[in-house]
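Asks: give the three-dimensional model of this entry:
(2 chains)
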Amino acid sequence: MGPAVLVVDDEAAICDNLAAFLEDEGMQVHTAPSGEEALSRVTTGLDVQVCIMDLRLPLMNGTDTILQIHRVAPAVRFVIHTGSAHEPVLATLHETGLGATPVFKKPVNDMAELARTVSALCLAP
Amino acid sequence: MDHSIDNAQRVQFWAEDPRVRSIVENVADGVIGIDAQGYVELFNRAAERLFGYSAGEVMGRNVTMLMPQKYSEHHNDYLRHYVATGERHIIGIGREVEGRRKDGSTFPMYLSVGDVTVPEFRGFIGIVHDLSEQKTAEQRLARAGEFLQSIIDSIPSTLVGVDSQGRVTHWNRTAARDAGVGADAAVGRPFAELFPFLDVHLQGLRQAIGNAQPVKHERLAVPAGTAMRYVDVMVYPLVHDSGGSVVCIDDVTERVRLEEMMVQTEKMMSVGGLAAGMAHEINNPLGIMAQGCQNLLRRLSKEIPGNRAVAEELGLDLDVLGEYLRRRGIYRFLEGMQEATTRASRIVSDMLAYSRRGASSFVPVHLNDLIDTVLRLAGHDYDLKKSYDFRRIGISRETIGASDEIYCDEMAIEQVLLNLLRNAAQAMAASPSVQSPEITLRLVDEGSQVRVEVADNGPGMTDDVSRRVFEPFFTTKPVGIGTGLGLSVAYFIVTEQHHGSIEVETAPGRGSRFIIRLPHRGRPYGSGSSGRR
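Replies: Predicted structure coming up:
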């Protein structure tokens, strides 16, 4: 059984594409269209190792979602997948003790690297 | 005083008629009479004043005592020669010579000499007119003229004085250089003839010269070879001269170019602001397309177990499908789409650079370390690998001076240098004449700033190209290779963000050398008192 991954993005097509690629890599992929839904699913028992998080989300933004999920599931690691220009989130995240949070800027032309990063995060202590 | 005619005789001769004596004594010019041997017979009051001798000191002595040596040494011979042959040099004519005063000083004078032959006497009478003041005035005038020329020569503008007919009266050094005509040849010629490049605008200028109205034409475009130069032409009527004017021509090409760059930069900054706002909206769809393409390609291949399972279930031969897709060019279409999304995203990210203020991200950086990073990045640069192997290029590095440390936005300066390396590599790769491509990276500590040079031995650029390299969307690369923004972004990062400068030295066949200057202690964009917002 490969790693379990949660993709959070309000663009359904992005969720679909990431899910398709990562599933082909043998991962179990769940998707959520909003921060609220992602949080509620993790809170209600969805067990994932890695969460791929968009930053601009309709209500609760990506940074807040990460912080909330981190509170209920401290073992979950995050990969940021954003199309925004300059997001000064890394420092905020670093302060919370989340450790390294890789950032992928959309458009990601080669998802293989993203998949490798996800795998590596799963193996990390 | 021992001569053939004694004093009594002499005095008698000149004093015979008191009217004559009175005239001679009272004329304003010096009057000196000598006998045929050159001995002074007459020395009037004006002569006393001029030479500082009293008549008594001179009478009966040779007149050569009143001349500087260059005149005196041959005087006796002249006299003898004239008396013998009647051949004239000065007698009956007069000319400018120098007199010698009692104190040994000399002065310029006009001397006219007449031959006097009366029954009792054979000799000469000289009228001495002092030219000292005239000479001084002439010299002052000449000096004033030289000073005026020196003033107009010192001014870097082209300055031309013209008379009411439009003919050149003054011509300074810059005018000589620009028109390729020296002052000697230019003075007197019609202005219009000497500045043919102003031909189109000359009607207005002629009118201005005619009307004695000040006129200013700014930024006249003047063709210069294949390029355009810009000049400001001003015509000012002379204040104290009826009909004359002075024409002043300034070459403002560089200023116009800089202003254009500023305007372009401002434009791009607003585009950058827009891009920052839109980046999310553009990058999301681009991501969907790029990732969709990648998934399409993967799910068409038989390498993925899931594909094989579904194909088997449907009775589809993936090898046949692959062959079909190849033959119908489907893969090429997909690759084209992938490349297109890459290009679009690069334009967005280049435009984003214009929105970056970078104030918070300034850190002390050793440029040598930064160059290490950039060279490593260039070695792995995907775009470069496609067309060129960066490792084939010989890299030489040089550091001159004590410090290579600057305050900068590290990522931004990396982007600038990577861009220069990429351009150099592409230029050298595209030029078959470059046998052994080489890039020289040189750091020079210039005190308050560090100079960074990136020089290649590639094909170089023509003037037309090098002049425009920093313009946004100007590119010489084939469609799809460059966004045309690389160097304009570099220009923005260096000049606006880091208060440095960037320029290029190049010529066709001579390679290109980009020179960047970055202050050691850079003020981040907008944080300084002089920073523009």
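Asks: quick check: beta-bridge partners of the nearest residue to B:Ile400 once chain neighbours are set aside?
Replies: Nearest-residue entry for B:Ile400: B:Val444, 4.6 Å, with adjacent residues in sequence omitted and distances by Cβ to Cβ, 6 or more residues apart in numbering or on different chains. C-beta coordinates here come from the backbone N, C-alpha and C atoms, glycine included. Beta-bridge partners recorded for B:Val444 (DSSP bridges): B:Ile400, B:Arg451.
Asks: local confidence estimate at A:Val5?
Replies: pLDDT recorded at A:Val5 is 97.
Asks: secondary structure element for it?
Replies: Element membership for A:Val5, per DSSP states H and E: strand A:4-8.
Asks: distance from that strand to the middle of the chain?
Replies: Centre-to-centre, strand A:4-8 and its host chain are 6 Å apart (Cα atoms, centre = their mean, to the nearest Å).
Asks: now the helix or strand following it: how far from the chain's centre is it?
Replies: Downstream of strand A:4-8, the next assigned helix or strand under DSSP H and E is helix A:12-24. Relative to its chain's centre, helix A:12-24 lies at 13 Å (Cα atoms, centre = their mean).
Asks: hmm, helix A:12-24 in reach of chain B?
Replies: Yes - using Cβ under 8 Å from any Cβ of the partner chain, helix A:12-24 reaches chain B at A:Ala13, A:Ile14, A:Asn17, A:Leu18, A:Ala20, A:Phe21, A:Glu23, A:Asp24.
Asks: show me what the next helix or strand after that helix is packed against.
Replies: Going down the chain from helix A:12-24, the next helix or strand is strand A:28-32, by DSSP H and E. For strand A:28-32, the packing partners by 3 or more Cβ pairs under 8 Å, 6 or more residues apart in numbering or on different chains; DSSP states H and E come out as strand A:4-8, helix A:12-24, helix A:35-43.
Asks: please identify the pairing partners of strand A:28-32 and their relative orientation?
Replies: Paired strands of strand A:28-32, with direction, are strand A:4-8 (parallel) (DSSP bridges).
Asks: now stretch B:236-243: mean pLDDT?
Replies: 78.
Asks: can you list the neighbours in contact with it?
Replies: Residues from elsewhere that reach stretch B:236-243 (Cβ atoms under 8 Å, 6 or more residues apart in numbering or on different chains): B:Gly161, B:Asp163, B:Ser164, B:Ala212, B:Gln213, B:Pro214, B:Gly244, B:Ser245, B:Val246, B:Cys248.
Asks: now the end-to-end length of stretch B:245-264.
Replies: End-to-end distance for stretch B:245-264, by Cα to Cα, to the nearest Å: 38 Å.
Asks: show residues contacting it.
Replies: B:157-162, B:170, B:175, B:178, B:191, B:195, B:198, B:205, B:208-209, B:212, B:218-219, B:228-238, B:467, B:470-472, B:488, B:491.
Asks: from these, which would you call buried?
Replies: B:157-162, B:170, B:175, B:178, B:191, B:195, B:198, B:205, B:208-209, B:212, B:229-238, B:467, B:470-472, B:488, B:491 (16 or more other Cβ atoms under 10 Å in any protein chain shown).
Asks: strands - which of these land there?
Replies: B:158-162, B:170, B:229-237 (DSSP state E).
Asks: strand partners of the helix or strand containing B:Val504, parallel vs antiparallel please.
Replies: In this assignment (DSSP H and E), B:Val504 forms part of strand B:501-506. When pairing is defined by DSSP bridges, strand B:501-506 lines up against strand B:512-519 (antiparallel).
Asks: circling back: now the helices and strands packed on strand A:28-32 as JSON lines including mean neighbour count?
Replies: Shown next, in JSON lines, are the helices and strands packed on strand A:28-32 (neighbours: other Cβ atoms under 10 Å in any protein chain shown):
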{"stretch": "strand A:4-8", "mean neighbour count": "24"}
{"stretch": "helix A:12-24", "mean neighbour count": "20"}
{"stretch": "helix A:35-43", "mean neighbour count": "19"}
